[in-house]
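Q: Return atomic coordinates for the entry below.
(one chain, ligands or ions: 3)
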Amino acid sequence: MKVVETVSGIRETLANMRTAPGKRLKVGFVPTMGYLHEGHQSLLSKAKAECDIVVLSIFVNPLQFGPNEDFDKYPRDSERDLRLAEQSGCDVVFMPSVQEMYPNPIRTSVSVKGVTERLCGASRPGHFDGVAAVVLKLFHIVQPDKAYFGLKDAQQVAVISQMVSDLNVPVDIVPCPILREADGLAMSSRNVYLSAEERREALVLSKALGMAERLAQEEGLTFEALRNKIEGEIRSTPLADIDYIEVLSYPELEPVDPSMETVSRTSDMIVALAVKFGKTRLIDNVILHRK
Ligand SMILES: Nc1ncnc2c1ncn2[C@@H]1O[C@H](COP(=O)(O)OP(=O)(O)OP(=O)(O)O)[C@@H](O)[C@H]1O
Ligand SMILES: CC(C)(CO)[C@@H](O)C(=O)[O-]
Ligand code: BAL
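A: Residues are numbered from 1 along each chain as shown. Ligands and ions are numbered 1, 2, ... in the order given. Predicted coordinates:
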């Protein structure tokens, strides 16, 4: 496995690796902020199964963090990350410094409208501009055929898909399922921040989303009733501090058409939530597929 820290280095490495006589090798790309877990590894495994060369990027992108967010204390452990990446069959790791990615203050913004209006787009102003800018930069640097993103960040998948479609970026976006711990908690690098008590209480998120999936099977349930039941479940947990709970159309992420008032009658929907436990903000969601 090659580890490269510069833009010129990754371009040269990939140009050499891509050259195979009579064949155009396919590059699969997994962008991450590191501190890898099995969720990230599942993206690498999918890329490995579908592509000839797997590239992982590890970069904690300052542009997507607000001034009071956790950029400085975001967990980092590159030695462990490289071990896990190699175990997952990764071929090349791109680990640039902030100086390498942003040698000068960036003066270009990439702002995707519509899908960023709600959820994390509303509660983390500027976040998706930072995500879109870094992902577009990474796509230009790596020039992958396919790029793999987890549905834990479902709005991020919608933002990147919209950007790629609007700007004709030649990459296929592959959304991948959410990996969970055995007890249901969605895997996330930020889970390490949780105290034992917060970790226990955070189980309410997957529990509430499981309940949403079951309730959605019921005839005649309104969106408001569904949302209220989820909120009631989460509020019953003392440490849970709700940022948002929303039921939106999927993948458009728009408020539901009031004329389709019941969950069982409509098209695909997403129940998405962000909840803080102490200082740790967790996100999770479930997609309710039309019957
Ligand atoms: N549990 C998971 N299952 C599947 N994919 C995941 C999971 N967690 C993260 N990913 C995906 O991995 C990629 C990199 O995400 P990132 O490095 O931010 O990890 P993370 O665990 O989401 O971290 P955090 O939520 O703490 O920022 C994203 O596409 C993300 O959706
Ligand atoms: C896509 C990404 C690597 C961009 O910094 C980040 O938002 C993430 O890890 O989901
Ligand atoms: N996976 C989301 C990246 C962030 O929270 O900034």
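
Q: show me the contacts for Arg235.
A: Ile242 (C-beta atoms under 8 Å, 6 or more residues apart in numbering). From N, CA and C alone the C-beta is placed, and that goes for glycine too.

Q: right, I mislabeled it, should have said Lys152
A: The contact partners of Lys152, taken as C-beta under 8 Å, 6+ apart, are Gly39, Ile178, Ala186, Met187, Ser188, Ile283, Asp284, Asn285.

Q: rerun that using 7 Å as the cut-off
A: By C-beta atoms under 7 Å, 6 or more residues apart in numbering, the residues touching Lys152 are Gly39, Ile178, Ala186, Ser188, Ile283, Asp284.

Q: overlap between the residues you listed and the residues near ligand 1?
A: Near ligand 1, judged by C-beta under 6 Å from any ligand atom, the entries from the contacts of Lys152 are Gly39, Ile178, Ala186, Ser188.

Q: Could you identify the most distant pair in those residues?
A: Pairwise distances across the ones next to ligand 1 among the contacts of Lys152 (C-beta to C-beta) peak at 9.8 Å, for the pair Ile178 and Ser188.

Q: Which ones among the contacts of Lys152 lie within helices?
A: Those of these mapping onto helices are Gly39, per DSSP state H.

Q: Just the buried subset of the contacts of Lys152, please.
A: For the contacts of Lys152, a neighbour count by 16 or more other C-beta atoms under 10 Å gives the buried set as Gly39, Ile178, Ala186, Ser188, Ile283, Asp284.

Q: Work out the gap between stretch 156-170 and the centre of the chain.
A: 14 Å (C-alpha atoms, centre = their mean, to the nearest Å).

Q: Would you mark the buried spots in that stretch?
A: Neighbour-count burial for stretch 156-170, counted by 16+ other C-beta under 10 Å, picks out Gln156, Val157, Ala158, Val159, Ile160, Ser161, Gln162, Met163, Val164, Val169.

Q: Tell me who's in contact with the first one.
A: Contacts of Gln156 were listed using C-beta under 7 Å, 6+ apart, and they are Val131, Phe149.

Q: how about it, secondary structure?
A: Classification of Gln156 using DSSP: H, G, I helix; E, B strand; the rest coil returns helix.

Q: separation between it and ligand 3?
A: 6 Å (C-beta to the nearest ligand atom, to the nearest Å).

Q: how close does that residue sit to ligand 2?
A: Gln156 is 6 Å from ligand 2, by C-beta to the nearest ligand atom.

Q: now that residue: how far from ligand 1?
A: With C-beta to the nearest ligand atom as the criterion, Gln156 and ligand 1 are 6 Å apart.

Q: likewise the last one?
A: Here the distance between Val169 and ligand 1 works out to 16 Å (C-beta to the nearest ligand atom).

Q: pretty sure that residue contacts His140?
A: No - using C-beta atoms under 7 Å, Val169 is not in contact with His140; the gap is 8.5 Å.

Q: which residues touch Ser189?
A: Met33, Tyr35, His37, Pro75.

Q: What pLDDT is listed against it?
A: At Ser189, the model reports a pLDDT of 97.

Q: starting at the chain centroid, how far to the lowest-mean-pLDDT helix or strand in the chain?
A: Ranked by mean pLDDT, DSSP states H and E, the weakest helix or strand in the chain is strand 19-20, scoring a mean of 80. Strand 19-20 has its C-alpha centroid displaced from the chain centroid by 32 Å (C-alpha atoms, centre = their mean).

Q: cool, stretch 44-63 as well?
A: For stretch 44-63, the distance to the chain centre is 13 Å (C-alpha atoms, centre = their mean).

Q: Could you list the buried residues of that stretch?
A: 44-48, 51-61, 63.

Q: What is the subsequent helix or strand relative to the helix of greatest length in the chain?
A: Under DSSP H, the helix in the chain containing the largest number of residues is helix 127-142. Going down the chain from helix 127-142, the next helix or strand is strand 146-150, by DSSP states H and E.
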